[in-house]
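Trainee: coords please:
(one chain, ligands or ions: 1)
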Amino acid sequence: MDRIRLRGGKPLEGSIGIGGAKNAALPLMAASLLSEETLTLSNVPHLADIATMAHLLQQHGVDVSMDGGNGTPEGRTIHLNAGKITSTLAPYDLVRKMRASVLVLGPLLARFGEAEVSLPGGCAIGTRPVDLHIMGLKAMGAEINVENGYIKARAKQGLKGAVIRFPQVSVGATENLLMAAALADGTTVLENAAREPEISDLVQCLVAMGAMIDGIGSEHLTIHGKPSLRGATHKIVPDRIEIGTYLAAVAICGGKVELTGARLDLIEAVAEKLVEAGCEIGQTTRGISIARNGSRLKGVDFLTAPYPGFPTDMQAQMMSLMAVADGASMITETIFENRFMHVPELARMGANIVVHGSSALVRGVPKLTGAPVMATDLRASVSLVLAGLAAEGETVINRVYHLDRGYERLEDKLSACGADIERLKD
Ligand code: EPZ
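Mentor: Residues are numbered from 1 along each chain as shown. Model prediction:
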């Protein structure tokens with residue numbers, strides 16, 4: 001298994017290109033199941049999770065072809081044609097690799113009247129049930145049983161429009177039900193829907209495919225179902241968590257970097273906290289610029305929340321910054337119950353962090369020291385990369401495959417800006 005070795009202490013200077021959002025690309029790829037015509041997606045990032053979704057769709061019979069590629073600003077373009085579906089079963093072996101596989105449930109059920117999708121298990125960041133996905137599909141008339149580890153869903157007469165109020169905001173459930181409702185008979189209203197930019201990206205693509213949806217960007221989405229959808233071409237929104245992660249990298253290392261292709265409106269909650277901590281951030285014609293020179297970062301408090309709140313997917317990275325900030329920081333995680341696995345690893349690098357339930361009190365230390373570390377999820381792993389970039393001495397990150405699920409050419413992008421970082425191939 002590959003590892004990443006880095007030596008800390010270098011400021012970052014230069015520019016970093018931002019790719020398309022993984023968490024937008026995955027539901028968009030699943031949306032191809034809604035039409036017998038081709039869906040073409042551009043600005044697709046080159047990531048392990050994208051390959052896993054492509055593999056799952058191929059297993060359903062979707063014809064998947066990719067072109068474009070390395071280094072072009074548009075990234076890779078992917079063509080998905082679900083004209084000849086051969087299976088509505090999403091097997092355990094694929095779903096257990098990536099929870100987002102459950103996003104095929106709504107589209108398969110809506111178009112074919114049946115789907116059998118392995119129930120994703122718990123994962124490193126929490127139990128992550130899918131009860132809200134199931135509740136919504138049942139409200140639309142589906143018969144659903146969970147048997148032998150599989151969600152077995154049927155709607156032989158098709159799905160019917162319904163009013164669905166989510167008791168809690170869920171990105172995945174909003175996406176699954178949006179896609180299902182686009183092919184349902186009648187009007188569906190989703191209340192307390194997630195408002196993440198990836199949801200709006202999916203709505204825009206569904207509209208391009210012929211769906212009728214009102215309320216884009218709001219917590220109240222109204223979908224007027226259509227008997228069929230057509231093919232479309234859609235460009236994936238920039239990855240706000242990749243943007244936030246590189247903003248955090250410059251914040252912790254110091255220096256000045258432009259993130260090309262980035263949009264400040266996607267990441268305002270994080271940018272506000274970084275400015276409060278002592279960074280200068282602005283929108284440029286090509287993207288976002290960030291600088292931190294001289295003074296030490298200041299400790300700031302924050303709470304994760306659904307968009308437009310501070311994203312849970314940036315909590316670990318921000319904690320690394322707070323570990324070396326001047327003063328204390330109170331960090332509260334409200335989305336996932338177990339998303340502090342990076343804490344013991346940061347502690348091994350010299351961080352002073354105490355966890356009480358869903359809050360972590362971080363008392364900034366003057367410096368971290370390099371160490372061999374590993375993490376069990378994507379964002380926790382990248383938080384250790386950030387800590388290593390600021391630490392004295394050498395840090396080796398194990399289990400790099402977590403990083404490869406969500407960050408394209410991470411070590412190349414950082415080393416081009418002066419970081420001392422390399423991948424060790426095994
Ligand atoms: C999406 O996961 C993202 N994944 C996650 O990104 C992100 O952390 C999360 O949203 C929150 O922003 C993708 O988009 C592919 P949720 P999702 O349903 O959809 C509970 C990353 O690092 N819940 O919004 O699975 C759930 O347990 C990742 O890129 C239920 O209780 O998240 C959690 O506590 C990891 N029942 C909360 O809701 C349900 O049926 C929010 O989960 C569904 C969710």
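Trainee: interface residues of the stretch 151-300 of the chain facing the ligand?
Mentor: Contacts of the stretch 151-300 of the chain with the ligand, taken as C-beta under 6 Å from any ligand atom, map to 168, 170-173. The C-beta positions use only the backbone N, C-alpha and C, and glycine is treated the same way.
Trainee: which of those residues count as buried?
Mentor: Among these, those classed as buried by 16 or more other C-beta atoms under 10 Å are 170-173.
Trainee: show me those that map onto helices.
Mentor: Mapping these onto helices (DSSP state H) picks out 171-173.
Trainee: I'd assumed L28 was in a strand, is it?
Mentor: No - counting by DSSP: H, G, I helix; E, B strand; the rest coil, L28 is located in no strand; its state is helix.
Trainee: for this structure, what helix or strand is lowest in average pLDDT?
Mentor: Ranked by mean pLDDT, DSSP states H and E, the weakest helix or strand in the chain is strand 63-68, scoring a mean of 87.
Trainee: would you mind listing the buried residues in that one?
Mentor: Going by neighbour count (16+ other C-beta under 10 Å), the buried part of strand 63-68 is 64, 66.
Trainee: and it, which strands flank it?
Mentor: strand 76-81 (antiparallel) (DSSP bridges).
Trainee: nearest spatial neighbour of H46, skipping sequence neighbours?
Mentor: Excluding the flanking residues, the one nearest H46 by C-beta to C-beta, 6 or more residues apart in numbering is E408, at 5.0 Å.
Trainee: and for A180?
Mentor: Leaving aside its sequence neighbours, A180 sits nearest to G106 (C-beta to C-beta, 6+ apart; 3.6 Å).
Trainee: C-alpha coordinates for the host helix or strand of that neighbour, CSV please?
Mentor: Here G106 is covered by helix 105-112, with elements defined by DSSP states H and E. In CSV, the C-alpha atoms belonging to helix 105-112 read as follows (Å, rounded to 0.1, in the frame of the first residue of the first chain):
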residue,chain,number,x,y,z
LEU,A,105,-31.9,2.9,-5.4
GLY,A,106,-34.2,5.8,-6.2
PRO,A,107,-33.5,5.9,-9.9
LEU,A,108,-33.7,2.1,-10.5
LEU,A,109,-37.0,1.9,-8.6
ALA,A,110,-38.5,4.9,-10.3
ARG,A,111,-37.6,3.7,-13.8
PHE,A,112,-37.9,-0.1,-13.5
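Trainee: the following helix or strand past it and the ligand, are they touching?
Mentor: As assigned by DSSP H and E, the chain's next helix or strand after helix 105-112 is strand 114-118. No - in terms of C-beta under 6 Å from any ligand atom, no part of strand 114-118 sits within range of the ligand; the closest distance is 13.1 Å.
Trainee: can you give the distance of strand 114-118 from its chain's centre?
Mentor: How far strand 114-118 lies from its chain's middle: 24 Å, per C-alpha atoms, centre = their mean, to the nearest Å.
Trainee: how about stretch 148-156?
Mentor: Computed by C-alpha atoms, centre = their mean, the chain-centroid distance of stretch 148-156 equals 27 Å.
Trainee: got the end-to-end distance for that stretch?
Mentor: Chord length of stretch 148-156, first to last residue, is 22 Å (C-alpha to C-alpha, to the nearest Å).
Trainee: what does that stretch rub up against?
Mentor: By C-beta atoms under 8 Å, 6 or more residues apart in numbering, the surrounding residues in contact with stretch 148-156 are 92, 102, 105, 109-110, 113-119, 130, 134, 137, 140-146.
Trainee: where's the closest residue to D239 other than its chain neighbours relative to G261, distance?
Mentor: Nearest residue to D239, sequence neighbours excluded (C-beta to C-beta, 6+ apart): A21, at 4.0 Å. Using C-beta to C-beta, to the nearest Å, A21 is found at 11 Å from G261.
Trainee: more neighbours: the two, which one.
Mentor: More crowded of A21 and G261, by other C-beta atoms under 10 Å: A21, with 26 against 20.
Trainee: how about the strands in the stretch 1-150 of the chain?
Mentor: Counting by DSSP state E, counting those that start in this stretch, the stretch 1-150 of the chain has these strands, from start to end: 3-7, 12-17, 38-44, 63-68, 76-81, 89-90, 114-118, 143-147, 150-154.
Trainee: can you list the strands that the shortest one pairs with?
Mentor: Read that as strand 89-90. Sheet partners assigned to strand 89-90 using DSSP bridges are listed as strand 114-118 (parallel).
Trainee: equivalent analysis for the longest one, please.
Mentor: In the sheet containing strand 38-44, its partner strands are strand 76-81 (antiparallel), strand 232-235 (parallel), by DSSP bridges.
Trainee: count of neighbours near the nearest residue in space to G225 that is not next to it in sequence?
Mentor: Nearest in space to G225, with sequence neighbours left out and distances taken as C-beta to C-beta, 6+ apart, is A184 at 3.9 Å. Other residues lying near A184 total 26 when counted by other C-beta under 10 Å.
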